[in-house]
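Participant: sequence and predicted structure below; questions after.
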Amino acid sequence: QPVTKAIFSRAAIHLKEGPVWKNHFLDYQLRGKYSVALPMYLRPETFETIKQNIDRLHFFHGSLSDIPPEEKFDILNLSNIFEYMNAAAFKVQSEQIAACCHPNARIAYWNLLVDRKLPVIDPRFTQLEPLGEDLCFFYQSFNLNTYR
């Protein structure tokens with residue numbers, strides 16, 4: 001199925017049946033700003049918690065192969081990076097992810113059309129249930145894994 005048809009189909013279902021009034025992604029996409037729904041990090045009730053823990057954040061922007069061996073992370077948001085690689089490259093990337101994870105690290109990523117799951121190729125990763133509803137309705141699946 002072409003990408004455009006898959007996304008259109010998922011959007012149609014979400015717009016008919018989904019919680020559109022709570023979807024901050026959709027709010028921003030349609031209006032160009034947050035006006036009805038706010039993401040968790042912008043809600044007033046989370047401000048103090050974020051402020052108190054801001055020094056614990058360490059961002060790394062780059063490819064997995066650029067991460068120095070001594071650098072370890074507790075949380076990785078990988079978007080949909082596995083979408084555009086073959087199975088062999090996915091295996092290599094899974095090794096690089098494992099190399100930069102602390103034990104019990106959380107790894108989040110989406111699948112658009114290609115179904116890639118870290119626990120399927122590496123038993124050190126475990127599938128977790130997401131804490132809430134995935135509002136990125138145009139993806140096939142949201143994956144939350146932990147590393148052992």
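Facilitator: Yes, it's here.
Participant: which parts of the protein are strands?
Facilitator: 73-77, 101-111, 125-128, 141-147 (DSSP state E).
Participant: now find how far off-centre the first one is within its chain.
Facilitator: This means strand 73-77. Distance, stretch centre to chain centre, for strand 73-77: 10 Å (C-alpha atoms, centre = their mean, to the nearest Å).
Participant: what's it packed up against?
Facilitator: Helices and strands touching strand 73-77, by 3 or more C-beta pairs under 8 Å, 6 or more residues apart in numbering; DSSP states H and E, are strand 101-111. C-beta: built from backbone N, CA, C; applies to glycine.
Participant: can you tell me what sits against the strand it packs on?
Facilitator: 72-83, 97, 116-118, 125, 128, 136, 139-148 (C-beta atoms under 8 Å, 6 or more residues apart in numbering).
Participant: over to stretch 21-28?
Facilitator: 14, 20, 34, 35, 36, 37, 38, 39, 135, 136, 137.
Participant: buried residues of the helix ranked longest in the chain, list them for me.
Facilitator: Longest helix in the chain, counting residues (DSSP state H): helix 3-17. Within helix 3-17, the residues scored as buried using 16 or more other C-beta atoms under 10 Å are 7, 10, 14.
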